[in-house]
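Visitor: attaching a predicted model along with its sequence, questions to come.
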Amino acid sequence: MTTAEQMAEKQRSISVAEFFSKNRHLLGFDNPRKALLTTIKEAVDNALDACEEARILPEVIIEIIEMSSEKYRVIIEDNGPGIVKEQIPNIFARLLYGSKFHSLKMSRGQQGIGISAAVMYGQLTTGKPARIISKTGKDKTAHYMEVKIDTSSNMPQIVAHKETTWNKEHGTRIEIDLEAIYQKGPSSVDTYLKLTAISNPHVTIIYTNPKAEQIIFPRATDEMPAEAKEIKPHPYGVELGLLLQMAHQTKAKTMSNFLQQEFSRVSASVAKEILQRAGVLETAKPIDFSREAAEKTIKAITETKIMSPPTDCLSPIGAEPLKKGLKKEINAEFYCATTRPPAVYRGNPFIVECGLAYGGELEADSQAKVYRYANRVPLQYQQGACASSQAIIQTNFKSYGLQQSKSSLPVGPLAIVIHIASVWVPFTSESKEAIAHYDEIIKEMKLALQEAGRMLASYINKKKKLKGEMQKRGYIEKYIPKVSEALQQLLGLKPEERAKIEMELQKIMEDTRGELEEIAEENTDYDETFAKIGADETKEKEEGDEE
Ligand SMILES: Nc1ncnc2c1ncn2[C@@H]1O[C@H](COP(=O)(O)OP(=O)(O)OP(=O)(O)O)[C@@H](O)[C@H]1O
Ligand SMILES: [Mg+2]
C-alpha cells in the first residue's frame, strides 16, 4: 500500500523535452523513414518562413548523405536573414521556443517545437550534437555552433562555438546526424520537395539525395508571395474564457475601447451594437467584466453583422501561381485553380484554395491524386483523417465528368490540390499531418472544389464538343475534291473554276477552325488540346486498322 505522502515524493513536473523524447511519434518521429522526412521538412519550412519574413527570394540547398547502415547526415542551407548567435542555442536545442506561436499571421511554423525536436531526435539516436553555421549580413562574422538539448531541463548546451568564415552573405546552415531510412515514394523526402515546389513557385531548391543524384527545382516566378501582416483576433468564434481573460488583461479603459482595440473589424458603431445587444454599458470598465456579461456579449457578437477579417494576415498562393506550380511539376493537359474569399473558424481567418490538373500523364483509371497543403506545406501522412478528404468525398465529381462511387475519391486522370492558409491551422496533432474537421473549413473546401470542378467540367464538355466537330470536319474535308469534281461535271466548269471552288470550300473549313479555336482557348492551350485530340484520333484509327 502506498500513502499519499509516499506518492508525494514521486510527484514532480515533467520537462517538455522528456515528454516528447518518450512521445516522439507525436512530433512525426515514429519510424526512421518518417524521421528523415520530418527533419528535412522542419528545416526547410523554417528556411522558407525566414526568407519570406525577410523578403528574400528563397534558395534552399539540401543534402542527404548515408554515413552507415540506417545512419544519415542531413544538411540544409538557406539564404535567409540568419540567426543572431545568442538565439542559436535556444532555437535549435530548446523545445517550445520560437517567434511564431504568439503572432496571428500565416507562417509554416507555429508551435516553436519543430527544429529542436529534430535536433533532439538526432541526438537520441546518434549521440551527436547538431552543427549550425549562421551569418546575419555581408559584413558580419559567421558563427559555428554545436548544440545539444539537456532533456531533463529542456535547456540548451553549447558543445562548441567559434567564429568562422562562410562564403555566403547571409543565411543558416544546419547539419544533423540521425537514424533514418531513405526511400522514394509518396511519403518520401523527394516527393515532399516536389510538392513544395508546386505550392511555392518562387522557391529554388537544390537537392542531392543519398544516391548522389542532384535534383534542381528552379523557381517559376521571381515574385515573392505577398507579405503576411500580423492581425488581432476576429470576434466571430471567440470563446468565453478567452474573452474574459482578454478583458481582464487589456489596457483599454472602457468596454467599447476594449472591443475596438483588441479585435479586428470592430469599429465604434459595431462595438456599440454588440454592447447594446448584450446589455453592457459602453463605458463599463473591462476589469469588472463578469462571466454573465461575457456570455451575453458572445451571443450578441454572433447576432451582429461584422465585416470579414482582413486578408493581409494571409498569403494565399493565388490561382495563377498555383496553376504555374502545377504546370511546372505535373504533366497534364488542363489546369485550373481558384482562391476562395476569406472565412473564419473560431475567430481565426482562413482561405481555401483548390487547383486541378487533368489528363496528360495522369493515370486515367485510378483514384484522383490528392495533394494536401497547409500554409504552403505539403501534408503527406494521415490523408484519411484530414478535413480535406472529407470535403473531397462529399463533393459530387460525377457532375464534373468524372467517375465516383459513394464515399470515395473520384476516379480519373485528375490531381487535386487543396490548400488551407490560416493564421492558425488546426492540426489534429503536434506532428501537423491532418486538418481538424471544423464545419466552416469543410464547407469552404467544398465550395473551392466546386468552383474548380465547374471549370474542369466546362473544359471536359468543350473538349467533347471539339472532338465531335473535328471528326465532322475530317469527313467533310475528305469529300471536298469529290464535290468539286461532281460540280465540274454537272455545271461543265473549267479546271480553274473547279480549283477556285475547292479553295472556297477549304476556306470555309478554315473559318470554322477559327471558331473551334475560340472554344478551346478559353480554358487551355489550344495547341495542346488540338494535338492531343489529333493523337487520340490517330491512335483510334490505328487500333481500328489492327482489328
Ligand atoms: N533557418 C532559419 N532562419 C532564421 N530563423 C530561424 C530558422 N529556423 C528557425 N528560426 C527561428 O527559430 C524559431 C523556432 O523554430 P522551430 O522550427 O522550432 O519553431 P517554429 O517554426 O516557430 O514552429 P513549428 O514548431 O511549428 O515549426 C522560429 O520561430 C524562427 O524564429
Ligand atoms: Mg518550424
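Guide: Everything's here; your move. Ligands and ions are numbered 1, 2, ... in the order given.

Visitor: whichever residue of the stretch 251-400 of the chain sits closest to ligand 2: what's its closest spatial neighbour, skipping adjacent residues?
Guide: Evaluated by Cβ to the ion, the stretch 251-400 of the chain has residue 377 as its residue closest to ligand 2, separated by 9.7 Å. Where you see a C-beta, it was placed from the backbone N, CA and C, and this is true even at glycine. Once flanking residues are discounted, residue 377 sits nearest to residue 108: 5.0 Å by Cβ to Cβ, 6 or more residues apart in numbering.

Visitor: contacts only, for the closest residue to ligand 1 within the stretch 151-300 of the chain.
Guide: Here the stretch 151-300 of the chain gets closest to ligand 1 at one residue, residue 172, 4.0 Å apart by Cβ to the nearest ligand atom. For residue 172, the contacting residues are 47, 50, 77, 78, 80, 82, 83, 132, 133, 134, taking Cβ atoms under 8 Å, 6 or more residues apart in numbering as the criterion.

Visitor: who in the stretch 1-150 of the chain is up against ligand 2?
Guide: By the rule Cβ under 5 Å from the ion, the part of the stretch 1-150 of the chain lying against ligand 2 is 46, 109, 114.

Visitor: so who does residue 24 touch?
Guide: Residue 24 sits in contact with 30, 117, 121, 124, where contact means Cβ under 8 Å, 6+ apart.

Visitor: in this protein, spot the helix with the most residues.
Guide: In the chain, ranked by residue count with DSSP state H as the criterion, the top helix is helix 439-491.

Visitor: secondary structure, pLDDT and neighbour count added to the contacts of residue 24, as a markdown table?
Guide: Listed next are these as a markdown table, based on DSSP: H, G, I helix; E, B strand; the rest coil; pLDDT from 0 to 100; neighbours: other Cβ atoms under 10 Å:
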| residue | secondary structure | pLDDT | neighbour count |
| --- | --- | --- | --- |
| 30 | coil | 92 | 14 |
| 117 | helix | 96 | 26 |
| 121 | helix | 97 | 25 |
| 124 | helix | 96 | 15 |
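
Visitor: pick the one among those closest to residue 209.
Guide: The shortest separation between residue 209 and any of the contacts of residue 24 is 20.1 Å, and it belongs to residue 121 (by Cβ to Cβ).

Visitor: wait, the closest one touches residue 28, no?
Guide: No - proximity of residue 121 to residue 28 does not meet the contact threshold set by Cβ atoms under 8 Å, at 9.2 Å.

Visitor: what residues are shared contacts of the two?
Guide: Where contact means Cβ under 8 Å, 6+ apart, the residues bridging residue 121 and residue 28 through contact with each are 35, 38.

Visitor: returning to that earlier point: before we move on, which element is the residue of the stretch 151-300 of the chain closest to ligand 1 in?
Guide: Mapping residue 172 onto the secondary structure by DSSP states H and E places it in strand 171-179.

Visitor: do that strand and ligand 2 meet at all?
Guide: No - using Cβ under 5 Å from the ion, strand 171-179 never reaches ligand 2; the gap is at least 11.7 Å.

Visitor: give the rounded mean pLDDT of that strand.
Guide: Model confidence over strand 171-179 averages 98 on the pLDDT scale.

Visitor: neighbouring strands - and their directions - for that strand?
Guide: With DSSP bridges as the criterion, the sheet partners recorded for strand 171-179 are strand 71-78 (antiparallel), strand 130-135 (antiparallel).

Visitor: in a strand, that's where residue 229 is, yeah?
Guide: No - checked against DSSP: H, G, I helix; E, B strand; the rest coil, residue 229 lies outside a strand; its state is coil.

Visitor: need the contact list for the residue nearest to it when sequence neighbours are not counted.
Guide: The shortest distance from residue 229 to any residue other than its chain neighbours is 4.4 Å, reached at residue 312 (Cβ to Cβ, 6+ apart). Residue 312 sits next to 226, 228, 229, 231 when contact means Cβ under 8 Å, 6+ apart.

Visitor: narrow those residues to those that are buried.
Guide: Buried members of those, scored by 16 or more other Cβ atoms under 10 Å, are 228, 231.

Visitor: could you pick out which of the contacts of residue 312 are near ligand 1?
Guide: With Cβ under 6 Å from any ligand atom as the criterion, no member of those is in contact with ligand 1.

Visitor: which of the contacts of residue 312 sits closest to residue 469?
Guide: Of all the contacts of residue 312, the one with the least separation from residue 469 (Cβ to Cβ) is residue 226, at 42.3 Å.

Visitor: just to check, the closest one is in contact with residue 315?
Guide: Yes - Residue 226 is within contact range of residue 315, at 5.0 Å (criterion: Cβ under 8 Å).

Visitor: nearest spatial neighbour of whichever residue of the chain sits closest to ligand 1, skipping sequence neighbours?
Guide: For the chain and ligand 1, the shortest gap (Cβ to the nearest ligand atom) falls at residue 109, measuring 2.1 Å. Closest residue in space to residue 109, ignoring its immediate chain neighbours: residue 100 at 5.0 Å, by Cβ to Cβ, 6+ apart.
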